[in-house]
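Trainee: I'd like to go over a predicted model; first the sequence, then the structure.
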Amino acid sequence: MKRQSITRLASLLILTLALAGLFMFQGCSDSEVSPVSPASREADSLVREFGSLNPRLREVMTIQESYTPSLMSSPEVIGTATTFTEDGEPAVLILVTSEKAVTRMPANLDGARVEILLTDPIVAMKGRPGGGGGGGGVSHTAIQTPPIQLGCSGGWRHDLANGYCCGGTLGSLIQVGGQLRILSNYHVFEADIVNGGNGRSASTGDPIIQPALIDIGCNAASGQDVATLVVSRALPNSNVDASTANIISGMVDPGGAILEIGTLSSQTAGAFIGQAVKKSGRTTGLTRSSISGLNATISVAYENECAGGSAFTKTFTGQIVIKNKASKFLAGGDSGSLMVEDVTTNPRAVGLLFAGSSTTAIANPIDEVLNHFNATMVGN
């Protein structure tokens, strides 16, 4: 453990309490969170540093983990996490899918308070035709003049089956060895693993197009090839829903700029409860929210191809939970979006968004994603 002086800990505690009050004030609504200046990064860093030393927070996380198997043995419980109550106490968050389940949940677990979140099932946020485009006068679904910016519509060139086509978001640019790759989700780039409705499955070297089939009438000829798939089969055996594609020279901004966000930092940021975040995605464009839970164990529903494939469920651990009231932060087609800290210049990546419901969004911690590919972020 990193050593710190008593004076430093006292200063951190004062800062933490002050910022906690601010987070509580903002956390009563799912309205947009105001952007934070780069100068606030130091304060955010101190909050996270002190939080990691908070014995009560660690204790509640341990309680959450110990009760998760028994809680999730009920089909109506689809996840747990660690959160804070409105008065700033660490608590176990339980995600349930029915009103009846709400009434059956305990009020506390081994002395830890319990918060209940009623939600629809958590599903992979792939998109099908209809909707999308974002706001602010910037289209996230239109074909771009190369080199393209990311945070836009895109996906596997052959992502259609049984009368439907699909797609998601080309999230960000990463570097793997000497290769620049687009980062998105497994279920956006390579989820088709059966020769079912389209007679093929995703393979290394397949084209990744922009925009996605869902935004060009399911006709791949109306899009443009921007990258080539590198199949990694992250699911079902890893703890991330992620996939990458090697960029085609001249087709993608080599600086990794993201629509309405710009260039990123090459560094990453750890998530903390109350953290203001934003993302740029195919369907809802640039949106803002805040983190409401950490260390989440979440069951997510998937399909094996665009439509009609046999379904499976994957349970993830250590995930990030984000407020998503009325799907204003994340909606179908936003899968693959990079979640970053809400600062005005060179934000650091926090997580890779991949699943959610009309109340809740879920992200893989970005460092776990990068470690999976032995990759680094492209940025300043």
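Mentor: Great, that's in hand.

Trainee: Would you map the strands across the stretch 101-250 of the chain?
Mentor: In the stretch 101-250 of the chain, the segments counted as strands under DSSP state E, counting those that start in this stretch are 108-109, 112-118, 123-124, 152-156, 160-161, 164-165, 168-170, 172-176, 179-184, 207-210, 224-230, 243-247.

Trainee: nearest to S70, of those strands?
Mentor: Judged by C-beta to C-beta, the one of those that comes nearest to S70 is strand 108-109, at 10.0 Å. Just so you know, the C-beta spots here come from the backbone N, C-alpha and C atoms, and that holds for glycine as well.

Trainee: thinking again about what came up before, which of the strands of the stretch 101-250 of the chain is buried the deepest?
Mentor: Across the strands of the stretch 101-250 of the chain, averaging neighbours per residue (mean count of other C-beta atoms under 10 Å) puts strand 168-170 on top, at a mean of 35.

Trainee: what is the mean pLDDT for that one?
Mentor: Averaged across strand 168-170, pLDDT comes to 97.

Trainee: Show me what that strand is in contact with.
Mentor: Residues outside strand 168-170 that contact it (C-beta atoms under 8 Å, 6 or more residues apart in numbering): 125-127, 140, 148, 150-155, 182, 184-185, 187-188, 208, 210, 212, 226-227, 281-283, 333-337.

Trainee: Domains in this protein, by residue range?
Mentor: 55-118, 121-380 (automatic domain parsing).

Trainee: just those: most buried one?
Mentor: Scoring the domains of the chain by mean count of other C-beta under 10 Å, the most buried comes out as domain 121-380, with a mean of 22.

Trainee: per-residue confidence for the residue nearest to L170 when sequence neighbours are not counted?
Mentor: Closest residue to L170 apart from its sequence neighbours, by C-beta to C-beta, 6 or more residues apart in numbering: G154 at 3.8 Å. You'll see G154 listed with a pLDDT of 98.

Trainee: repeat for S335
Mentor: 97.

Trainee: need the contact list for it.
Mentor: Contacts for S335 (C-beta under 8 Å, 6+ apart) come out as 124-127, 168-169, 184-185, 187-188, 353-355.

Trainee: Which of the three states applies to it?
Mentor: Judged by DSSP: H, G, I helix; E, B strand; the rest coil, the three-state class of S335 is coil.

Trainee: and the gap between it and D241?
Mentor: Distance, S335 to D241, using C-beta to C-beta, to the nearest Å: 8 Å.

Trainee: can you check D110 too?
Mentor: From D110 over to D241 (counting by C-beta to C-beta), the distance is 32 Å.

Trainee: Flag the shaky bits of the stretch 51-200 of the chain, pLDDT-wise.
Mentor: Scanning the stretch 51-200 of the chain with the threshold set as pLDDT under 70 gives 51-54, 128-136, 194, 196-198.

Trainee: what ranges do the helices span in it?
Mentor: 55-71, 99-104, 186-189 (DSSP state H, counting those that start in this stretch).

Trainee: could these be laid out in TSV, adding distance to A307?
Mentor: Listed next are the helices of the stretch 51-200 of the chain as TSV, based on distance: least, C-beta to C-beta, whole Å:
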stretch	distance to A307
helix 55-71	32
helix 99-104	29
helix 186-189	13
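
Trainee: and L294, which of the ones you listed is closest to it?
Mentor: Checked against C-beta to C-beta, the stretch from the helices of the stretch 51-200 of the chain lying closest is helix 55-71, at 7.8 Å.

Trainee: From the chain's centroid, how far away is the closest one?
Mentor: Its chain's C-alpha centre and that of helix 55-71 lie 23 Å apart, by C-alpha atoms, centre = their mean, to the nearest Å.

Trainee: 16 is where my numbering starts, stick with that
Mentor: Yep, numbering from 16; the last one is helix 70-86 now.

Trainee: Would you mind pulling the contact partners of it?
Mentor: 66, 92, 95-97, 105-109, 124-127, 309-310, 312.

Trainee: Convert the C-alpha atoms of it to CSV, please.
Mentor: Below are the C-alpha coordinates for helix 70-86, written out as CSV (Å, rounded to 0.1, in the frame of the first residue of the first chain):
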residue,chain,number,x,y,z
PRO,A,70,-12.0,0.5,4.8
ARG,A,71,-15.8,0.7,4.9
LEU,A,72,-16.0,0.8,1.1
ARG,A,73,-13.8,-2.2,0.9
GLU,A,74,-15.8,-4.0,3.5
VAL,A,75,-19.0,-3.4,1.6
MET,A,76,-17.5,-4.7,-1.6
THR,A,77,-16.5,-7.9,0.2
ILE,A,78,-20.0,-8.3,1.6
GLN,A,79,-21.4,-7.7,-1.9
GLU,A,80,-19.2,-10.4,-3.4
SER,A,81,-19.9,-12.9,-0.7
TYR,A,82,-23.7,-12.6,-1.1
THR,A,83,-23.8,-12.3,-4.9
PRO,A,84,-24.0,-16.0,-5.7
SER,A,85,-27.0,-16.6,-3.4
LEU,A,86,-28.7,-13.4,-4.5
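
Trainee: All set, thanks.
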